[in-house]
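> Sequence and predicted structure, then a few things I'm wondering about:
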Amino acid sequence: MRRKDREVTDPAKIRRIIQDSDCCRLGFADQGSVYIVPLSFGYEETDGKRIFYFHSAPEGRKIDLIGEGARVGFELDTHYKLNEAPEAARYSARFQSVIGTGRIRRVEDMEQKIHAFECLMEHYTGKTGWEYPPQMVRQTAILLMEVEELACKEHE
């Protein structure tokens, strides 16, 4: 990271920034092109690993690009606020962001899919213990991304 003065390394603060983010953007390589898609997500840390969960339609470009263990880039950001100034060159912005890479795959196990739904719902509602109709769970694609590299930045 070029601006070491803005780097966030505290795991608890990184976790808060991820929890405060509403959208995770995934970037896929697609035959010499790039495909970026914004997604709702759930997040957990388990066995020393950072895991993101996403839900999706079972078909489409993103599903086609995943394969088994495809490498993806990701980005999250939150708390954006414009810092105004009397001159254009002095404007800046406050923000917190996380970027990184990971491996993504589909989840097929029903219990693991329900666990992913719980992570997603807890992220957005703060609640757990939801009911998930088996038909809906079977029809929804669940994607699991295990983070390989992560960098977190904050500009106040």
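Looks like it arrived, so ask away.

> Where does the prediction get shaky in the chain?
The chain contains residues with pLDDT under 70 at 1-5, 68.

> Do you have the strands of it handy? List them.
Under the criterion DSSP state E, the chain contains strands at 7-8, 24-30, 33-39, 42-46, 49-56, 70-83, 92-107, 141-155.

> Including mean neighbour count and distance to Cys119, could those go into a markdown table?
In this view, the C-beta of every residue, glycine as well, is placed from N, C-alpha and C. Converted to a markdown table, the strands of the chain look like this (neighbours: other CB atoms under 10 Å; distance: least, CB to CB, whole Å):
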| stretch | mean neighbour count | distance to Cys119 |
| --- | --- | --- |
| strand 7-8 | 14 | 22 |
| strand 24-30 | 17 | 12 |
| strand 33-39 | 13 | 13 |
| strand 42-46 | 16 | 3 |
| strand 49-56 | 20 | 5 |
| strand 70-83 | 16 | 15 |
| strand 92-107 | 17 | 11 |
| strand 141-155 | 18 | 10 |
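
> just so I know, which of the ones you listed lies nearest Trp130?
Among the strands of the chain, the nearest to Trp130 by CB to CB is strand 42-46 (12.0 Å).
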